[in-house]
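# next input, structure requested:
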Amino acid sequence: MNPNFPLSSGDDGDDERKPPKDHKKLKEALKKRKQEKKKKETSTKKRKKKVIGTKEPFRSSNKPKPSRKGETSHPVQKEQTTTLQPEVPVNLGIITWNVAHFGTGPINLATGWTDAAKAITALTEKLDKGYLEWLDLFDPWLETVAKAATFKLKTQSQNSLNGMVYRSTALSRAAFNDLKSYCVVLDQFWRAEKLGDNNIDGSWEYLYGNAVAMTGSLRLMRAALRRLREPMNRIQRLKRFFGDRDKELPKLKEIAWVYSYYINEAWKAVVTLDKAVHRTLVMKNIVSMFERNTWLDLVALHEVNQGIDILAKYMDLAGLVCIPGPHLKSVSGNKAQDEYYPIIFRKSLAMVIHHRFAFFNDGTRHWGLADGQEVTWSKTEKVFRPVVGYEIQLKRWGWQRAMVGIVHTTPYGKEFSRKDVFAQVELPLSAFSSSSIPVTVGGDYYLTAEAAVYAMKDLDLDKSDKIYVREYWKWYSQQLSELRKKREKEEVLIEPEIKPSEEDNEDEDDEENEREADDSEPVRDIEVVNKFDVFRNGLGLSFQSRMEEMGLSVAQPITGTNWKTKEVVRWRAAQIADFYVLKHFVTKAVGIVDPSGGAAWADAEDLQLSQYWRTASDHWPVAAYLSTADESGEVQKIFHLMRER
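As a prediction, the model looks like this:
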């Protein structure tokens with residue numbers, strides 16, 4: 001029995017479990033209908049399109065143009081660009097990486113640890129003088145509160161009260177002991193000078209062992225501080241139920257205020273250190289990527305916030321160039337979010353950047369932007385982050401041109417149902433379908449090639465088609481029911497639908513609203529549950545099908561690039577979110593960056609790559625080697641299996 005029976009396959013046998021046999025006819029009719037609908041949509045979109053800047057980005061041929069004001073040419077790159085050699089293949093080694101809110105702030109790890117150690121020492125000295133005794137007073141007070149909670153409350157308030165009253169303080173007591181042990185572990189790194197300012201580089205094994213242990217200890221320390229502060233938070237929340245009527249409450253509050261002060265000071269110091277470690281790991285890994293990969297031309301980043309100046313300065317000291325690109329500014333929410341999509345390359349690379357551009361989901365196209373030029377977006381107005389990119393020329397291409405785009409979408413929906421996410425990139429990507437020069441658009445799509453991006457109603461089915469779909473769904477549901485019966489003893493958790501308020505953080509400094517999920521959140525086994533998913537491939541509802549209709553191709557890694565939990569312990573917690581959409585490329589090899597050099601087709605069985613990259617971001621850097629010619633030999637030199645490393 002195969003619950004994923006493909007619509008495009010059939011069998012003339014008599015197996016009663018097979019679906020209706022009219023699927024081929026239906027598929028052809030739907031394809032024709034979609035093509036007609038696409039022509040109408042294209043003509044409508046052309047009328048609505050607004051181009052800001054120079055005339056039109058896509059020309060009829062790959063011919064060099066005269067230099068214009070605002071174009072970038074580095075001193076080592078002032079080469080003659082008028083001689084075009086179209087017989088030379090356009091090949092590009094690129095890595096895209098979502099660097100998880102790379103912000104501004106200190107990067108001196110030794111100083112950061114000194115400040116954190118002082119704050120934690122002051123905290124532990126204060127806690128040693130009575131924290132456990134204070135909890136001994138807190139526990140019986142909670143019992144009194146529970147007995148007094150006999151008055152009627154609204155259901156929501158009652159549930160909230162019960163959660164605060166009956167929650168044990170055992171975790172807070174454990175955190176009291178754990179905090180000291182975490183301090184000892186972290187102190188060992190700096191005392192041994194293993195992760196000082198200039199000692200984070202080294203072999204893969206050295207980086208892996210130290211970075212994973214250090215960031216893991218910081219994460220545990222933050223969790224311990226939260227647990228220590230949790231009883232104080234409960235006192236504040238319970239006050240709204242009882243006010244100051246309880247005679248024990250003032251005494252508890254007075255001591256809690258003192259503990260809260262020292263806990264908050266330690267929290268600030270640890271968070272500052274954690275962010276410094278994050279920035280350092282990101283920058284040193286980027287430098288290492290260029291040092292260990294001669295095939296690499298560009299590193300394209302996104303989710304770089306106010307730390308763009310720190311990044312550019314550090315790259316310059318390492319012999320690299322960081323082009324910041326336009327300044328994206330969100331005008332929705334309480335605080336504006338600043339973001340850059342920079343590209344980084346070697347100073348020795350003979351390259352000219354002709355244009356910076358930004359294509360929006362409402363059809364607006366900014367062309368000929370300057371570095372740092374402000375471009376606004378607002379999800380409250382349904383205008384999301386644009387696809388930002390660069391039109392470039394390389395000397396080794398015979399000065400032919402190509403476009404490099406970077407994407408970062410706002411999360412919606414479930415892993416295999418991303419219609420709202422696709423709406424953010426559909427128009428920008430469709431613009432590249434008419435390009436006569438090679439195009440690569442990589443980054444955090446929060447999509448996958450198999451994700452459904454159309455609803456059934458978008459297919460405009462007639463009556464006979466609907467009857468067929470209903471019959472097919474009835475058959476499929478029966479097969480799925482049988483499969484579920486076999487798995488009754490297994491725990492299948494449901495994946496919650498993601499909304500922007502839950503996952504898209506407008507403020508990189510808001511520690512209580514992190515993009516990453518909590519370890520305690522359930523992560524489901526992948527399971528198809530509705531018509532939207534069942535028909536996505538057979539009837540062309542998937543993202544990849546839509547790209548192929550546009551004349552584009554999708555190249556994505558085999559294993560997940562985005563982790564749903566803070567700890568990397570289970571394969572099922574991974575999802576593919578980062579990949580490339582391409583035009584005019586023949587060679588399309590994609591994998592996860594291996595810190596020791598090259599790229600891996602897939603992660604190892606023990607999740608070694610994922611555990612390492614989780615120290616710096618919740619997204620992994622994704623490498624691609626692309627060429628307009630067949631360069632399979634070069635691909636074999638770059639990509640490998642982890643077991644072969």
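# so where's the stretch 151-300 of the chain shaky on pLDDT?
151-168, 185-209, 237-250 (pLDDT under 70).
# could you rerun that using 50?
Along the stretch 151-300 of the chain, segments meeting pLDDT under 50 span 151-156, 192-202.
# strands along that one, start to end?
Taking DSSP state E, counting those that start in this stretch as the criterion, the stretch 151-300 of the chain carries its strands at 298-304.
# mind listing the helices for it?
Applying DSSP state H, counting those that start in this stretch to the stretch 151-300 of the chain gives helices spanning 155-165, 170-191, 204-242, 249-292.
# show me what the longest one is packed up against.
Just to be clear, that refers to helix 249-292. Counting contacts by 3 or more C-beta pairs under 8 Å, 6 or more residues apart in numbering; DSSP states H and E, helix 249-292 packs against strand 91-102, helix 109-128, helix 131-148, helix 204-242, strand 298-304, helix 308-317, strand 320-323. Heads up, the C-betas are built off the backbone N, CA and C, glycines and all.
# export the ones you listed to TSV and append columns for mean neighbour count.
Formatted as TSV, the helices and strands packed on helix 249-292 follow (neighbours: other C-beta atoms under 10 Å):
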stretch	mean neighbour count
strand 91-102	24
helix 109-128	18
helix 131-148	15
helix 204-242	18
strand 298-304	25
helix 308-317	17
strand 320-323	21
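# and stretch 542-557, end to end?
17 Å (C-alpha to C-alpha, to the nearest Å).
# give me the element S477 is part of.
helix 463-486 (DSSP states H and E).
# and the helix or strand where G405 lies with strand 91-102, angle?
Assigned by DSSP H and E, G405 belongs to strand 401-408. Per axes from the mean of the first three to the mean of the last three C-alpha atoms, to 10 degrees, the angle that strand 401-408 makes with strand 91-102 is 30 degrees.
# what mean pLDDT does strand 401-408 get?
Strand 401-408 comes out with an average pLDDT of 96.
# so what touches the very next helix or strand once past that strand?
Next in sequence after strand 401-408, counting helices and strands by DSSP H and E, comes helix 419-432. With C-beta atoms under 8 Å, 6 or more residues apart in numbering as the test, helix 419-432 has contacts from 42, 45, 57-58, 359-363, 365, 384-387, 403, 405, 407, 409-413, 439, 441, 445-447, 451-455, 543, 546-547, 550, 552, 581, 583.
# that older thread, out of the helices of the stretch 151-300 of the chain, the one nearest V99 is which?
For V99, the closest of those is helix 249-292, at 5.0 Å, according to C-beta to C-beta.
# between helix 109-128 and that closest one, find me the angle.
160 degrees.
# now do helix 249-292 against strand 298-304, angle only.
170 degrees.
# next, the buried residues of the helix holding S477.
465, 468-469, 472-473, 475-476, 479-480 (16 or more other C-beta atoms under 10 Å).
# repeat that for stretch 376-392.
Buried-residue list, stretch 376-392, by 16+ other C-beta under 10 Å: 377, 379, 383-392.
# same check, this time on stretch 635-645
Neighbour-count burial for stretch 635-645 [16+ other C-beta under 10 Å]: 635, 638-640, 642.
# follow-up on the earlier one: same list (the helices and strands packed on helix 249-292) but as CSV, adding distance to E426.
Shown next, in CSV, are the helices and strands packed on helix 249-292 (distance: least, C-beta to C-beta, whole Å):
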stretch, distance to E426
strand 91-102, 20
helix 109-128, 43
helix 131-148, 53
helix 204-242, 37
strand 298-304, 19
helix 308-317, 29
strand 320-323, 27
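# so which of these comes closest to I255?
helix 131-148 (5.3 Å).
# circling back: so which of the helices and strands packed on helix 249-292 gets nearest H619?
Among these, if distance is taken as C-beta to C-beta, the winner is strand 91-102, at 3.8 Å.
# quick one: contacts for the residue nearest to G597 when sequence neighbours are not counted?
Nearest residue to G597 in three dimensions, chain neighbours excluded: R292, at 4.0 Å (C-beta to C-beta, 6 or more residues apart in numbering). Going by C-beta under 8 Å, 6+ apart, R292 touches 595-598.
# the buried residues of stretch 635-645 in strands, which ones?
639-640 (DSSP state E).
# turn the buried residues of stretch 635-645 into JSON lines, columns for distance to R227 and pLDDT.
Listed next are the buried residues of stretch 635-645 as JSON lines, based on distance: C-beta to C-beta, whole Å; pLDDT from 0 to 100:
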{"residue": "V635", "distance to R227": "49", "pLDDT": "95"}
{"residue": "I638", "distance to R227": "45", "pLDDT": "95"}
{"residue": "F639", "distance to R227": "44", "pLDDT": "95"}
{"residue": "H640", "distance to R227": "43", "pLDDT": "92"}
{"residue": "M642", "distance to R227": "36", "pLDDT": "76"}
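# over to W295: give its phi and psi.
Taking degrees, to the nearest 10, you get phi -80, psi -10 for the backbone angles of W295.
# skipping adjacent residues, who's closest to it in space?
G93 (4.2 Å).
# now for the nearest residue to K379 once chain neighbours are set aside, how many residues are close by?
Closest residue in space to K379, ignoring its immediate chain neighbours: S332 at 5.3 Å, by C-beta to C-beta, 6+ apart. Using other C-beta atoms under 10 Å, S332 is surrounded by 16 other residues.
# quick one: contacts for S332?
S332 makes contact with 378-381, 506, according to C-beta under 8 Å, 6+ apart.
# in strands, which of the contacts of helix 419-432 fall?
Per DSSP E, the contacts of helix 419-432 map to strands at 359, 365, 387, 403, 405, 407, 439, 441, 581, 583.
# separation between the third one and P428?
Going back to what we said before, that points to V387. Look at V387 and P428: by C-beta to C-beta, to the nearest Å, they are 4 Å apart.
# who touches both of those two?
Contacts common to V387 and P428, judged by C-beta under 8 Å, 6+ apart, are 359, 405, 407.
# excluding sequence neighbours, find me the nearest residue to N361.
Q424 (4.9 Å).
# scratch that, R356 is what I was asking about
R356 sits nearest to L369 (C-beta to C-beta, 6+ apart), 4.3 Å away.
# where does the one you found fall, phi/psi-wise?
Dihedral angles (degrees, to the nearest 10) for L369: phi -70, psi 160.
# mind pulling up the pLDDT for it?
pLDDT for L369: 94.
# how close does it get to S433?
According to C-beta to C-beta, L369 stands 22 Å off from S433.
# can you check A555 too?
16 Å.
# who has more neighbours, the two?
A555 (20 against 15).
# separation between that one and L582?
A555 is 6 Å from L582, by C-beta to C-beta.
# again with V425
Counting by C-beta to C-beta - V425 and L582 are separated by 14 Å.
# same deal with P621?
18 Å.
# before we move on, what about K284?
Taking C-beta to C-beta, one finds K284 at 30 Å from L582.
# ok, R173 to V586 distance?
In terms of C-beta to C-beta, R173 sits 62 Å off from V586.
# pretty sure T104 contacts N305?
Yes. Counting by C-beta atoms under 8 Å, T104 touches N305, with 7.5 Å between them.
# between the two, which one's more packed in?
Higher neighbour count among T104 and N305: N305, with 19 against 16, using other C-beta under 10 Å.
# for that one, give me its contacts.
101-104, 337-340, 508.
# now it: phi and psi?
Torsion angles, degrees, to the nearest 10, at N305: phi -100, psi -130.
# leaving out the residues flanking it, which one is nearest to T124?
In space, T124 is closest to K180, 6.1 Å off (C-beta to C-beta, 6+ apart).
# hmm, back to that, can you tell me how far the residue nearest to K379 sits from D444?
19 Å.
# could you do V407 as well?
7 Å.
# pretty sure G130 contacts I255?
Yes. Using C-beta under 8 Å, G130 is in contact with I255, at 7.4 Å.
# who has more neighbours out of these two?
Neighbour totals were compared for G130 and I255, and I255 leads with 17 against 14 (other C-beta under 10 Å).
# ok now do R385, which residues does it touch?
Per C-beta under 8 Å, 6+ apart, neighbours of R385: 328, 339, 377, 407-410, 424.
# do F359 as well
Contacts of F359 by C-beta under 8 Å, 6+ apart are 365-366, 386-387, 389, 405, 427-428, 431.
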